[in-house]
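K.L.:
Below are the sequence and a predicted model for it; my questions follow.
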Amino acid sequence: MKRKVRKYKTPFFFDRTVPKDFYFSVQRRLNYLGYGAVWQPRSAVRGRNRDIREILEYCLSRGIKILVTFSRNVEIPEEYEGKIRLIRLKGGRRKTVNKVIARLFLEIRRDEGAQS
């Protein structure tokens, strides 16, 4: 008998500025909570010189609402302003996983509160 495969909600997209070990730590904790995440180097929009609009189109097509980055240079164009939120993390690898998870879910609650 096959084991039932879990289907996670995937509202988060981490770009390539997020370190690999940090992403996998956050993803493991999200999986415990029934959520998933996409990391740019393991997605269909991998590649160093991807345009932000291309990444945002990918997020919209998959239903991803939050783009997470460590970069200070990333800006969301006006046409995507209300559709996708940008979270800039500070602190690099010193940031704890629990603080990042709290920040992610705070943004989801804000987004759901704005829609109601």
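P.N.:
Sure, I can see it. Numbers count the residues shown, from 1 in each chain.
K.L.:
Next, the buried residues of the helix or strand of the chain with the lowest mean pLDDT.
P.N.:
Here the helix or strand of the chain ranked lowest by mean pLDDT, DSSP states H and E is helix 97-115, holding a mean of 86. Using 16 or more other C-beta atoms under 10 Å as the test for burial, helix 97-115 gives 100-101, 104, 107-108. The C-beta positions use only the backbone N, C-alpha and C, and glycine is treated the same way.
K.L.:
what's the burial count for the closest residue in space to Gln27 that isn't next to it in sequence?
P.N.:
Leaving out its chain neighbours, the residue that sits closest to Gln27 by C-beta to C-beta, 6 or more residues apart in numbering is Ala37, at 5.1 Å. When neighbours are defined as other C-beta atoms under 10 Å, Ala37 has 22 of them.
K.L.:
Wait, a strand at Ala37?
P.N.:
Yes - applying DSSP: H, G, I helix; E, B strand; the rest coil, one finds Ala37 inside a strand.
K.L.:
which residues touch it?
P.N.:
10, 12-14, 23, 26-27, 30 (C-beta atoms under 8 Å, 6 or more residues apart in numbering).
K.L.:
mind running it again at 6 Å?
P.N.:
12, 14, 27, 30 (C-beta atoms under 6 Å, 6 or more residues apart in numbering).
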